[in-house]
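Participant: Mind looking at a prediction? Sequence and model below.
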Amino acid sequence: MKNKVISLFILSAVFVFPLLIQAQNIDNPLGEDTIIDLIRNIINFIFRLSLPIGALMIVIAGYYFMTSNGDPEKIKKGKDTIIWTLVGILVIFLSLAIIDGLKNAIGIQ
């Protein structure tokens, strides 16, 4: 009996409640009309976020150099941080170039 009541409530919630609220129009919370525009905005957001993070990582690597006091481990840590930060920034720029190239090849504006 209890399962029938729960099932009836769920069915009424699925089929009756939309009729009661008369299926109100909901504004698009993302603000984009197409999936292409949404993907473009996500890529631009990631790009804008990654550049300051890359600059911060280079500053942190400089801090490692300044506080190393000649310790080879800390100097290596600073060099590795700079190298991998530059590799990461290069990958981000190359990914943008690849995406633009693919969009031009497919014909997407």
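Facilitator: Nice, I can see it.
Participant: Now tell me which helix or strand of this structure has the poorest mean pLDDT.
Facilitator: helix 17-21 (a mean of 66; mean pLDDT, DSSP states H and E).
Participant: What's the first helix or strand after that helix?
Facilitator: Sequence order places helix 35-66 as the next helix or strand after helix 17-21, per DSSP states H and E.
Participant: How far off centre is the next helix or strand after that following helix?
Facilitator: Next helix or strand after helix 35-66 toward the C-terminus (DSSP H and E): helix 72-106. Averaging C-alpha positions (CA atoms, centre = their mean, to the nearest Å) puts helix 72-106 16 Å from its chain's average.
Participant: when you compare where helix 72-106 runs with where helix 35-66 runs, what's the angle?
Facilitator: 160 degrees (axes from the mean of the first three to the mean of the last three CA atoms, to 10 degrees).
Participant: Next, the buried residues of helix 72-106.
Facilitator: Neighbour counts over helix 72-106 (16 or more other CB atoms under 10 Å) mark 74, 77, 78, 81, 82, 85, 89, 92 as buried. For glycine as for every other residue, the C-beta is placed from the backbone atoms N, C-alpha and C.
Participant: And the furthest pair within these?
Facilitator: Maximum pairwise distance in the buried residues of helix 72-106, criterion CB to CB, is 27.0 Å, between 74 and 92.
Participant: low-confidence ranges in this structure?
Facilitator: In the predicted model of the chain, residues 1, 17-25, 109 satisfy pLDDT under 70.
Participant: So which residue is dead centre in it?
Facilitator: For the chain, the residue nearest the mean C-alpha position is residue 46 (5.3 Å; CA atoms, centre = their mean).
Participant: check contacts around that residue.
Facilitator: residue 92 (CB atoms under 8 Å, 6 or more residues apart in numbering).
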